[in-house]
Structures are given as structure tokens and as C-alpha cells.
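Visitor: Have a look at this prediction, sequence included:
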Amino acid sequence: MTGDTRRWSGDVLYWLAIAASIVFLAWILSIVQAPSPPLFAGLITGVFAAVGLRTPKPFPRGLRKLSLALVGVGAGAMVDRAVVAEVVQRPLVMLAGVAGTIAITLAAGQVLRFSRHVDGPTAMLASIAGGASGVSAVAKEMDADEGIVLSIQYLRVVVVVLSVPFVSVLLGAGSPGQVAAASMGDWSGLGFTALAVSAGLIMARYLRFSASSLILPMAVAVVLSLTQLMPSSTVPPSVLNFAYGLIGLAVGLSLTRSSLRRLATLMPLALIQLVIGVVGCALAGIVFARSVGISDLDGYLATSPGGIPVVVAVAMGSGADVGLVLTMQILRLVAALMMAPLVARYLRNRNRSLIDDDEAS
């Protein structure tokens, strides 16, 4: 057996072991009802590979672009005619709520800047509310620390998921309702997904900008969803889980021993910015609700910074305005995915300009 053949066989066995580990861990995490089992399974597997192996293999660039495209299409598929109708009916209410939530979390994220390990793009991407998986996936392209971004983003998601049902009861909700989970065997949207991903990635080859592999497929998905050109405008749950697993793995492989030590030193600041962001959004939601004449519960759920499945479940089970809540959550998700790369790129270029000015002087 030649050296190239042995190397190829070793690569195949390595990636098969990685895939088997992700599937097994995702199964265990789903049993204990952990949030986003595929993403955390990929993250855990990647961390063990990065820390435990002497020479972990780098994440393939092509798979990174594919995972970005799939997450973008998943977000774009949520923008249907009902969402547009809700926005047209109450545009100022929607925009104010979305903008307020994003502004509060971005402001809270500046707490992270007190650490010398966190620059502007990393602080912004780690704190912005919405699209945790997508924002984390584009962190590397923005020269941000994707390990810090993902860890802090999902720390917020976990806190929101755990707190929303209890806070909602205090605001008058009953027991959280149950949202019927989409069947893992539902492949009706496979053609829609393949078309949106293919068209978006082809466009991204010619229209190159930060996170184009995410934004352009998302734009194609929005157009297909609104025009209803396809029989089904959904992404199969199994395909999305595959994408989340890839994103978690890519970030996990970036969490080397040195980066994990930096993250541990950030934990006090991360908790402070998390409390400021989550509590700030809750208070803003109540103020927002009373100013536009909706219930405190509606305002709180609509501006909750993450945890869309749990937020929608509570809204459905408590008689809240599900259309308002879901629409604002989706709009914030899309806005965060589109805005984060642009703001991070601006901060990155600004930092480089300041460095160049200092060197020139």
C-alpha cells in the first residue's frame, strides 16, 4: 500500500469516526432534550478532536460554505407571505421591536471589550441577538474568534430557553404549549433546498463579499418562498441538523487548548453581558408592549433574544399573539444574519486603519 493510499484511508477513517461520534452524541443529547443536539454534538466532537489529538485535521472549506448556505436557506424559508403581511400591517411596531432587541444586545456586548482577548468583531458577533448558528458560522470569515462567539451565543440561548417558560408564567401565561415537531422523514422541501443552495452558491462565486455564502442562498430562499414557485418551501429537518452538526464541528475544531484558556478567563464578563442583554430585552419588551397597546407577555416574547422554538411554544399555549411574536422573532433572525457580517467587516477595517495610523505616526 502506497503512502498516498494509506493517507487517504486514514482520512476516510478519521472523518467516519467524527461522523459516528456526532450522530451518537446528538442522539444522547436529544434524549435529555438539550437545545440544538446536532450543533452541540458537533461542537463537543470537534473540541475533543482539537484538544485530544496531536494533529487534528482542518475543517474542509467546501463543507463550511455548504453549512453556511443551508443555514441561510433555513432562515430565508421562514419568510413567507404571512410574515410579510404582518410586517405590512404593523411596520413600525415590528421594526422598533427588532431594532431595539439588536441594539440592546450589541450594547451589552461591549462589556466583553474589557478583556484584552476580545476585539470589536468578536464582541459584536458574540452578543448580537438572533441567528446564533449562522452568526457563529461566519465568525471565521470576519477574523473573529469563532470559539468565543459560538460559546457565548449558545450560553445566551440556553439561559433564554430555561428562563422563558418561568418568566412567562409571571406575566400571565399558562403552562407552555407544545409545538408539533416536524417529522425527520419529511423530505418534501428537498428540491427547494437544493435549488436555493445551488443558485446561492453559484451567485456567491461571482458576487464575493463577506458571508456571501450565507446571505445569497438566504435571498434566493426568500424569493422562492414568497413566489411559491416550489411545491414546498421548507428545508428538511434532517438537512438542517446536518448543517448544524457541520457548524458545531467547524467551531469545535477551532477550540484549541489556548483558545479554551482564553474563554475561561472571559466567563465573568460573559455572564455580566448576558444578564444585561436578557434582562434589558425583557424590560424593553414590556415598555414596547405598553406603548403600542399589546400585552406585556406579547412584548416580552416578541423581544426575547433567542430560543424561537420555546418562545413560540409558550405563545401558542398561553393565547399570546403568535403571529406578532413569530414574525418579530423571524425578522430579527434575518436581520441579525444580514447585519452581523457587514458591521463586523466595518469594525475589522476600522481596527486595521487605526493600526496603520499608529504605525505611520
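Guide: Yes, it's here. Residues are numbered from 1 along each chain as shown.
Visitor: residues contacting residue 269?
Guide: Residues in contact with residue 269 (CB atoms under 8 Å, 6 or more residues apart in numbering) are 111, 112, 114, 115. Where C-beta positions appear, they are placed from N, C-alpha and C, glycine not excepted.
Visitor: Against residue 255, how distant is the closest residue to the third one other than its chain neighbours?
Guide: Excluding its sequence neighbours, the residue lying closest to residue 114 (CB to CB, 6 or more residues apart in numbering) is residue 269, at 5.9 Å. Counting by CB to CB, to the nearest Å, the gap between residue 269 and residue 255 amounts to 18 Å.
Visitor: and what of residue 296?
Guide: For residue 296, the distance to residue 255 - CB to CB - is 40 Å.
Visitor: More neighbours: the two, which one.
Guide: Neighbour count, other CB atoms under 10 Å: between residue 296 and residue 255, residue 255 has more, with 24 against 18.
Visitor: I'd assumed residue 44 was in contact with the more buried one.
Guide: No - here residue 255 lies out of contact with residue 44, judged by CB atoms under 8 Å, at a distance of 10.1 Å.
Visitor: residues of stretch 285-300 that come out buried?
Guide: Buried residues in stretch 285-300, counted by 16 or more other CB atoms under 10 Å: 285, 286, 288, 289, 294, 295, 296, 297, 298, 299, 300.
Visitor: List the contacts of the first one.
Guide: If a contact means CB under 8 Å, 6+ apart, then residue 285 has 97, 296, 299, 300, 301, 302, 303, 304 as its contacts.
Visitor: Go again with 6 Å.
Guide: 299, 300, 303 (CB atoms under 6 Å, 6 or more residues apart in numbering).
Visitor: and if you look at the last one?
Guide: When contacts are counted by CB under 6 Å, 6+ apart, residue 300 is found next to 171, 282, 285.
Visitor: at 7 Å what do you get?
Guide: Shown in contact with residue 300 (CB atoms under 7 Å, 6 or more residues apart in numbering): 167, 171, 282, 285, 286.
Visitor: I'd like the residues you listed written out as a markdown table, with secondary structure, distance to residue 18 and pLDDT added.
Guide: Putting these into a markdown table (DSSP: H, G, I helix; E, B strand; the rest coil; distance: CB to CB, whole Å; pLDDT from 0 to 100) gives the following:
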| residue | secondary structure | distance to residue 18 | pLDDT |
| --- | --- | --- | --- |
| 167 | helix | 38 | 81 |
| 171 | coil | 44 | 80 |
| 282 | helix | 39 | 90 |
| 285 | helix | 41 | 89 |
| 286 | helix | 45 | 90 |
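Visitor: Just put those in TSV and tack on distance to residue 14.
Guide: Shown next, in TSV, are the contacts of residue 300 (distance: CB to CB, whole Å):
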residue	distance to residue 14
167	45
171	50
282	45
285	47
286	51
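Visitor: now, which of these sits nearest residue 147?
Guide: Comparing these against residue 147 with CB to CB picks out residue 282 as the nearest, at 28.1 Å.
Visitor: what's the nearest residue to that closest one if we skip its chain neighbours?
Guide: residue 300 (5.7 Å).
Visitor: Give me the neighbour count for residue 88.
Guide: 9.
Visitor: and what of residue 208?
Guide: Residue 208 has 10 nearby residues by other CB under 10 Å.
Visitor: could you list every residue that touches residue 24?
Guide: Contacts for residue 24 (CB under 7 Å, 6+ apart) come out as none.
Visitor: That one: which element?
Guide: In the assignment (DSSP states H and E), residue 24 maps to helix 3-31.
Visitor: same thing with residue 200?
Guide: Per DSSP H and E, residue 200 falls inside helix 190-206.
Visitor: got the angle for the helix or strand following that helix vs helix 190-206?
Guide: Heading C-terminal from helix 190-206, the first helix or strand you meet, by DSSP H and E, is helix 212-227. Helix 212-227 and helix 190-206 are oriented at 140 degrees to each other (axes from the mean of the first three to the mean of the last three CA atoms, to 10 degrees).
Visitor: contact partners of helix 212-227?
Guide: Contact partners of helix 212-227, identified using CB under 7 Å, 6+ apart, comprise 65, 68-69, 71-73, 75-77, 79-81, 84, 134, 137-138, 192, 195-197, 199-201, 203-204, 207, 230, 233, 337-338.
Visitor: Restricted to buried residues, select these in PyMOL.
Guide: Selecting only the buried entries of those in PyMOL, with 16+ other CB under 10 Å as the criterion:
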select buried, resi 65+68+69+71+72+73+75+76+77+79+134+137+138+192+195+196+197+199+200+201+203+204+230+233+337+338
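Visitor: Helices of the stretch 251-361 of the chain, residue ranges please.
Guide: Using DSSP state H, counting those that start in this stretch, the helices of the stretch 251-361 of the chain run over 257-292, 296-303, 308-318, 322-360.
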